[in-house]
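**Student:** how would this look folded up:
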Amino acid sequence: MHTFEYLKPKSIDEAISLMESHGERARYIAGGTDILVKIKEKKVLPDFLISLRHIPEMAYIHYEEARGILRIGGMTTHRMLEKSSLIRRRYPILSDAVDNIGSVQIRNVATIGGNIVNAVPSADGAIPLITLGAQIRMRGPKGERAMELVDFFIGPGQTLLEHGEIVLEFVVPKLPSYTGMAYCKHTRRAAMELPILGVAVLLSLEDDGITCSEARIGLGVLAPTPMRALSAEKILKGEKVEDALLEKAGKVAAEECKARDSVRGEAWYRRAMVETLVKRLGKLCLERAKES
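**Tutor:** Residues are numbered from 1 along each chain as shown. A predicted model of the protein is given here:
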C-alpha cells in the first residue's frame, strides 16, 4: 500500500491552503470510498491526503421554507440523505437513488460531493440532481463559483472542477406545487452492483392534475456523462399526460440517449429499457404529484 501523510484541516480555507502548499502531490479525501481504491490500484499516488471529514459545516441538508430551496452540503453522506424525512417526503427522487447505493456501511461514509466529483458514468447521485435542476457551488484558490450541475461533467471521470477547488454544496431550486419525481436504477439482479442504466423523471402538473407544465428526464450510464433528454421533455410540456404521450416520450428519449455497447449491456437493450422506464416512471410521477 502506498504511504501518505493524512492531514486534518478544521476549515474550508485551511484545506484550500494546504492544497495550495502541496500542489499536485496532494488530493482531497471525503468519504474515501473512491480514492482509497484508486490508491490501492496505483491509479493515483498522492503524498498527502487532505481530509474534509473534520469540517463540520460541510455536511447538512437544509430546506429554505420561504424560498422553497434545498441545499445539500458537499460532505453530506448518502446515509444522511437516506434517513432524512425531509428528503423522503419532498424529494423522493433522491431517496430512490441513495437507497440503492452500495451497502449501509458504504452509505455511512460515502458523500454526495465525492460521488459527483468522481464522475463515473454509473454514479447514481448525479442523475436525480441534474433532473432536479441542481446547481453545484465550489470554492478554491480563485474564490467561489457556481454552475448548472448538468454542465459540470465533461467525460468519464472528468469534470470542470479545478485543482484545489472543494465542492461546497448542491442547490436545488424551487419546484412547482404539483410535482412528482422518481428514479430507477436498473440492474441485472436485486443486489449490490453498478447499474446497467439509470433513469429519472420529474413532472410538474397544472391545477387540473393532468396537464404537464414542466418535464425533466435524466439519463445515466448511457452516454459518457449524465444527460437530460431534452427532446423527450419537449413532447410532454403543455400536454395532457396520458399513457400514449408517455410512450412517445419514452421512444424519443431512447433515440437521443446515446446508448452504446459495453460490458454492462448492449445498446439495443439499453434503448429498450429507457423507453420502458420513462413511461413507467412517468406514471409514478403522476401518482406522486397528486399525493403532493
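**Student:** okay, CA-based contacts and neighbour counts for the rest of this
**Tutor:** Fine.
**Student:** and the helix ranked longest in the chain, how far out from the chain's middle?
**Tutor:** As assigned by DSSP state H, the longest helix anywhere in the chain is helix 267-291. Put simply, helix 267-291 sits 18 Å off its chain's centre (Cα atoms, centre = their mean, to the nearest Å).
**Student:** for it, buried residues please.
**Tutor:** 267, 270-271, 273-286, 288-289 (16 or more other Cα atoms under 10 Å).
**Student:** I'd like to know which elements that helix is packed against.
**Tutor:** When contacts are defined as 3 or more Cα pairs under 8 Å, 6 or more residues apart in numbering; DSSP states H and E, helix 267-291 sits against strand 179-186, strand 197-205, helix 243-256.
**Student:** the last one vs helix 267-291, what angle?
**Tutor:** Translated: helix 243-256. 140 degrees (axes from the mean of the first three to the mean of the last three Cα atoms, to 10 degrees).
**Student:** picking up where we left off before, the longest helix of the chain to strand 197-205, inter-axis angle?
**Tutor:** Per the same axes, to 10 degrees, the angle that helix 267-291 makes with strand 197-205 is 30 degrees.
**Student:** outside of helix 267-291, which residues touch it?
**Tutor:** Contacts to helix 267-291, defined as Cα atoms under 8 Å, 6 or more residues apart in numbering, come from residues 178-184, 196-197, 199-205, 209-210, 217, 222, 243, 246-247, 249-255, 257, 259-261.
**Student:** of those residues, grab the buried ones for PyMOL.
**Tutor:** Of the contacts of helix 267-291, the buried ones can be selected in PyMOL as follows, counting by 16+ other Cα under 10 Å:
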select buried, resi 178+179+180+181+182+183+184+196+197+199+200+201+202+203+204+205+209+210+217+222+246+247+249+250+251+252+253+254+255+257+259+260
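**Student:** leaving out sequence neighbours, find the closest residue to residue 133.
**Tutor:** Counting by Cα to Cα, 6 or more residues apart in numbering, residue 133 lies nearest to residue 172, which is 6.3 Å off, once chain neighbours are set aside.
**Student:** surely the one you found is in contact with residue 135?
**Tutor:** Yes: under the criterion of Cα atoms under 8 Å, residue 172 makes contact with residue 135 at 6.6 Å.
**Student:** coming back round to it: neighbours of the residue nearest to residue 133, how many?
**Tutor:** Residues near residue 172, counting by other Cα atoms under 10 Å, number 20.
**Student:** now residue 24
**Tutor:** Residue 24 has 13 neighbours, counted by other Cα under 10 Å.
**Student:** could you number the chain from 382 rather than 1 from now on?
**Tutor:** OK, 382 is where the count begins now, so the last one is residue 405.
**Student:** how much space between it and residue 419?
**Tutor:** Here residue 405 is placed at a distance of 16 Å from residue 419 (Cα to Cα, to the nearest Å).
**Student:** then residue 478?
**Tutor:** For residue 478, the distance to residue 419 - Cα to Cα - is 24 Å.
**Student:** neighbour count: the two, which is higher?
**Tutor:** The residue with more neighbours, out of residue 478 and residue 419, is residue 478; 24 against 13, by other Cα under 10 Å.
**Student:** state the helix or strand in which that one lies.
**Tutor:** helix 473-479 (DSSP states H and E).
**Student:** same question for residue 397.
**Tutor:** helix 393-403.
**Student:** next SSE after that helix?
**Tutor:** Under the assignment DSSP H and E, the closest C-terminal helix or strand after helix 393-403 is strand 407-410.
**Student:** what about the stretch 482-631 of the chain, any weak spots by pLDDT?
**Tutor:** Flagging of the stretch 482-631 of the chain using pLDDT under 70 yields the residue ranges 570-574.
**Student:** now do the strands in it.
**Tutor:** For the stretch 482-631 of the chain, strands defined by DSSP state E, counting those that start in this stretch occupy the ranges 516-521, 524-529, 534-536, 539-540, 547-553, 560-567, 578-586, 593-601, 608-609.
**Student:** so which of those is nearest residue 429?
**Tutor:** Smallest distance to residue 429 across the strands of the stretch 482-631 of the chain (Cα to Cα): 15.9 Å, for strand 547-553.
**Student:** if we can go back for a sec, any idea of the mean pLDDT for the longest helix of the chain?
**Tutor:** For helix 648-672, mean pLDDT rounds to 94.
**Student:** how close does the residue most central in space within the chain get to residue 542?
**Tutor:** By Cα atoms, centre = their mean, the chain has its centre lying nearest to residue 507, at 1.8 Å. Taking Cα to Cα as the measure, residue 507 falls 15 Å from residue 542.
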